[in-house]
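S.K.: My questions concern the predicted model and sequence given below.
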Amino acid sequence: MEDEEYLTKCVVDPQQKTVYIYSSEGDTKEVVCDTTEEFMNVLSVIRATCPEDRLVYTEPLSGKIDF
């Protein structure tokens, strides 16, 4: 019997208005939103369906970055 594919991690990047979804099979999906409204709608669905222990947010960049 084969195991079904399931969500392993969901990463939300508010600055880029992008959500990255990772599966147990190693697949990655990238949801890029064009508008803030679209991003908020996607985020609402993610928060309602993704278990909290699998949902993470990127850290915003702060201050000056030295290259």
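M.R.: Perfect, I can see it now. Numbering: from 1, shown residues only.
S.K.: following the host helix or strand of E30, which helix or strand shows up next?
M.R.: E30 belongs to strand 28-32 when elements are defined using DSSP states H and E. Downstream of strand 28-32, the next assigned helix or strand under DSSP H and E is helix 36-49.
S.K.: which other helices and strands contact that following helix?
M.R.: If contacts are counted by 3 or more CB pairs under 8 Å, 6 or more residues apart in numbering; DSSP states H and E, helix 36-49 sits against strand 7-13, strand 18-23. Heads up, the C-betas are built off the backbone N, CA and C, glycines and all.
S.K.: Indicate which one of those is closest to T58.
M.R.: If you check each of those against T58 by CB to CB, strand 7-13 wins as the nearest, at 4.4 Å.
S.K.: buried set for the closest one?
M.R.: Buried residues in strand 7-13, defined by neighbour count with 16 or more other CB atoms under 10 Å: C10, V11, V12, D13.
S.K.: One more: stretch 29-45?
M.R.: Buried-residue list, stretch 29-45, by 16+ other CB under 10 Å: V31, C33, F39, V42, L43.
S.K.: about what we covered before: looking at the helices and strands packed on helix 36-49, spot the one closest to R54.
M.R.: Closest approach to R54 among these (CB to CB): strand 7-13, 5.4 Å.
S.K.: Return the list of helices and strands in contact with the closest one.
M.R.: Helices and strands touching strand 7-13, as assessed by 3+ CB pairs under 8 Å, 6+ apart, comprise strand 18-23, helix 36-49, strand 55-57.
S.K.: Report the contact partners of Y22.
M.R.: L7, T8, K9, C10, V11, T28 (CB atoms under 8 Å, 6 or more residues apart in numbering).
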